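*Asks:* predicted model follows, preceded by the sequence.
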Amino acid sequence: MAVIKTLGQFIIEKQADFSYAKGELSRLLRDIGIAAKIVNREVNKAGLADILGDAGTTNIQGEGQKKLDVFANEQFIAALTSGGECCIVATEEEDHIVQITSPVSQDAKYIVCIDPLDGSSNIDVNVAVGTIFSIYRRKSTDGLATIEDVLQKGTDQVAAGYVIYGSSTMLVYTTGKGVNGFTLDPSIGEFCLSHPDLKMPEDGVIYSINEGNYVHFPDGVKKYLKYAQVEDKETNRPYTSRYIGSMVADIHRNLIKGGIYMYPTTSSSPNGKLRLLYECNPMAFIVEQAGGKATDGRNRILDLTPTELHQRTSIFIGSKKMVEKAEEFMETYSPVA
Ligand code: AHM
Ligand code: MG
């Protein structure tokens, strides 16, 4: 009989990899895993909202029903606050950083950037959504940690991961030593190692982009899309188009099957739509660790310098060869002015 390895067991086994950590990072990852299970429970019940009470209404216990993205945000902040290993949470849901000032947490070593529920517009229609997180070591050595501790480059991440609430729920993470995926077994309530040492195919045939924005795309992207749609047996074209509209789900599929996900600049979002700190950097770290590539069309995502909390960037992420081909088109047809 195959032996099941839970996320908790796996994290403890891997603790030896962190020469600098004394279990804090392991505890932080475990806390995120626990919060993810609670969010999963609520996401699973989302379709019952009309029966149990909609957002903004009052439930039977007299408590207000919360929108799921607000619920997820509170859940992760609560888990990170009570865990004592994190001094700042930077989240998509809050305009400013959340400093955790309790005596145990204010000197904690780690910073967490998180998108608690990405793709939340998909919830109402029972389509996969996700959580994305990124962990940095605090740089400052005294006083309360500040925004400067948060504005670190993607290359400084010590861990990153995502949770996909899909047809099954998975947690995928990296600490810079490869990528491992865990599937939630609802019967025992544990994330179990199901995808050890995930590797992304070097090439693929799937492209994921909101093609409705075509007229607003840079010429490099328009030409790449035409390239993707031309028949050529040798390079398996035309490619297949798949776009869920949940970054986690689109990238997760491409990570396993091979493919490219693009959210370029558009004329209405001249800096791109997706956020560097809690969407692009963590996904870029995971994809690179799996052998893929992530750029803004020209520069490596992980090398970008963040200057503000909710900074946006364009992103081309996925199988190495596909991203390199898209970059070639950007260089030729959308050179830097
Ligand atoms: P959100 O953080 O408001 O949920 O937006 C992020 C999402 C991504 O998950 C997804 O890939 C993208 O936005 C979809 O955007 P669009 O609807 O413009 O295609
Ligand atoms: Mg988001």
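*Replies:* Yes, it's here. These figures come from a predicted structure and were not determined experimentally. Numbering: from 1, shown residues only. Ligands and ions are numbered 1, 2, ... in the order given.
*Asks:* wait, a strand at residue 317?
*Replies:* Yes: applying DSSP: H, G, I helix; E, B strand; the rest coil, one finds residue 317 inside a strand.
*Asks:* residues touching it, list them.
*Replies:* Applying CB atoms under 8 Å, 6 or more residues apart in numbering to residue 317 gives the contacts 251, 260-262, 280, 283-284, 287, 292-295, 301, 323. The C-beta positions use only the backbone N, C-alpha and C, and glycine is treated the same way.
*Asks:* of these - the most surrounded one?
*Replies:* Counting neighbours by other CB atoms under 10 Å, the top entry in the contacts of residue 317 is residue 283, with 32 neighbours.
*Asks:* can you pull the pLDDT of the closest residue to that residue other than its chain neighbours?
*Replies:* Nearest non-adjacent residue to residue 283, counting by CB to CB, 6 or more residues apart in numbering: residue 251, 5.6 Å away. pLDDT recorded at residue 251 is 98.
*Asks:* make residue 1 into 823 and carry on from there
*Replies:* In the new numbering, first residue 823, that becomes residue 1073.
*Asks:* and residue 1073, how far from residue 1046?
*Replies:* Between residue 1073 and residue 1046 the distance is 18 Å, computed by CB to CB, to the nearest Å.
*Asks:* thinking again about what came up before, so how far is residue 891 from the residue nearest to residue 1105?
*Replies:* On the measure of CB to CB, residue 1073 and residue 891 end up 19 Å apart.
*Asks:* so what's residue 892 up against?
*Replies:* The contact partners of residue 892, by CB under 8 Å, 6+ apart, come to residue 915.
*Asks:* residue 1070 now?
*Replies:* Contact analysis of residue 1070 by CB under 8 Å, 6+ apart lists 940, 941, 950, 951, 952, 953, 954, 984, 985, 986, 1105.
*Asks:* specify the local secondary structure of it.
*Replies:* Strictly by three-state DSSP, residue 1070 counts as helix.
*Asks:* now swap in residue 999 and tell me
*Replies:* Of the three states, residue 999 takes coil under three-state DSSP.
*Asks:* give me the helices and strands touching the longest helix along the chain, please.
*Replies:* What stands out as the longest helix in the chain, according to DSSP state H, is helix 846-866. Secondary-structure packing of helix 846-866 (3 or more CB pairs under 8 Å, 6 or more residues apart in numbering; DSSP states H and E): helix 829-836, helix 890-905, strand 932-940, strand 951-959, strand 979-987, strand 991-996, strand 1012-1017.
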